[in-house]
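S.K.: here's my sequence, what's the structure:
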Amino acid sequence: MHRAARLLMMIATATLAWAAVVDTHAAPGPWKPDKPVEIVAPSGAGGTTDRTARVVARILTQHKLVDVAVNVVNKPGGSGTIGLNYINQHPGDGHFIIIATTGSITNHILGLIPYNHTSFTPLAMLFDEYLAVNTRADSPLASGRDLIDRLRKDPQAASFGISTSIGGGNHTTLMVALKAGGVDIKRVKTAVFQGGAASTTALLGGHVDVINTAPGNMVAHFRTGKLRPLAVSAPQRLNGIFSSVPTWKEQGVNAVSSSWRGLMGPRGMTSEQIAYWDRIFAALVKTDEWKKDLEENFWDEGYVDARGSRTRLDEEYAEYKAILTELGLTK
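M.R.: Sure, this is the predicted structure:
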């Protein structure tokens, strides 16, 4: 009896141990990052895209919203396609996120890349951004109306610097304004730079006459008197230091247009990964730091979760396709 009881106890112990192992493998915990997260900025250092990536990374880290390191990786070039290609080299991996821009959808419309936003996993829309046309303080151009009048006479009377691609937000909002003003946009001279900081440097150096860029890229130079904003693409004037800058509509040009920034992951992410980032980004946009950054960068809050961002991107694709087709840029 003693030997039989001991045998039964050994069998029972082994059974419990095996049950514990089976239970552990059958019910894994919810997904979360287990290695460093990369936030890819498809542009050079400086400018709205790079700045967005660094703001997101900083808040994720400082508020301990994730348990791993968060690194910003710049992948400039190819009108943003280098960054998009890099992300899609990691299918199904929730550790890779890219800052989505208008180029994420317009590059497909322009025929620059074989995939559009449906080839990625939309994770969030973050904000809208209204852009301003600027020239140097010593430029003979005095206003947006002045610029339009000159370009109507000679579309090549001024050269423009934009970032980061033809068909991107900086380029499209500019073309919308010029076309609304009656300019032959097909003859306008345009140079593309890897980021807003680079285009601003080119303007200050006299390499281009005008840039269309985000307020955050020009605020320091505006304060020191080096830049002169001519018009902003918003429906009404911006607040703060830019309250003196008139809109296009105020100057007789019926144009309102914005750029935006969002977040996408590679194709094939799981529902568990998407749900995780939904929770994290919903918490991020509620922080005081995020609200402060929106205000300081003149960004218009527009957070939408993964499901909503898919719908928004579908709508943006249709809108930009119509605009770029009208501009004669589609292929």
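S.K.: give me the mean pLDDT for stretch 40-58.
M.R.: Averaged over stretch 40-58, pLDDT sits at 90.
S.K.: correction: stretch 252-270
M.R.: Here stretch 252-270 scores 93 as its mean pLDDT.
S.K.: just use 865 as the starting number from now, easier for me
M.R.: Sounds good: first residue 865 from here, last item stretch 1116-1134.
S.K.: pull the residues that contact the host helix or strand of residue 1016.
M.R.: Residue 1016 is part of helix 1008-1017 when elements are defined by DSSP states H and E. Applying CB atoms under 8 Å, 6 or more residues apart in numbering, the external contacts of helix 1008-1017 come out as 997, 999, 1005, 1021-1022, 1041-1042, 1045-1047, 1052, 1074, 1094-1095, 1110, 1112, 1115-1117. C-beta coordinates here come from the backbone N, C-alpha and C atoms, glycine included.
S.K.: try it again with 10 Å
M.R.: 996-997, 999, 1003-1005, 1007, 1021-1022, 1024, 1041-1042, 1044-1049, 1051-1052, 1073-1074, 1093-1097, 1109-1112, 1114-1117, 1119 (CB atoms under 10 Å, 6 or more residues apart in numbering).
S.K.: helix or strand next in line after that helix, which one?
M.R.: Remark: after helix 1008-1017, the chain's next helix or strand is strand 1023-1027, criterion DSSP H and E.
S.K.: list the helices and strands that next one packs on?
M.R.: If you count contacts as 3 or more CB pairs under 10 Å, 6 or more residues apart in numbering; DSSP states H and E, strand 1023-1027 packs onto helix 911-926, helix 1033-1044, strand 1053-1057, helix 1060-1068, strand 1074-1077.
S.K.: show me what counts as buried in the helix holding residue 1016.
M.R.: Buried residues in helix 1008-1017, counted by 16 or more other CB atoms under 10 Å: 1008, 1009, 1010, 1011, 1012, 1015.
S.K.: ok, now stretch 999-1009?
M.R.: 999, 1000, 1003, 1005, 1007, 1008, 1009.
S.K.: the third one falls within a helix, correct?
M.R.: No. Remark: residue 1003 does not belong to a helix; assigned using DSSP: H, G, I helix; E, B strand; the rest coil, it is coil.
S.K.: got a list of what it touches?
M.R.: Contacts of residue 1003 by CB under 10 Å, 6+ apart are 1010, 1011, 1022, 1067, 1073, 1074, 1091, 1092, 1094.
S.K.: 7 Å - rerun?
M.R.: Counting by CB atoms under 7 Å, 6 or more residues apart in numbering, residue 1003 touches 1073, 1092.
S.K.: so how far is residue 992 from it?
M.R.: Separation of residue 1003 from residue 992 (CB to CB, to the nearest Å): 28 Å.
S.K.: thinking again about what came up before, between the helix holding residue 1016 and strand 1023-1027, how big is the angle?
M.R.: 110 degrees (axes from the mean of the first three to the mean of the last three CA atoms, to 10 degrees).
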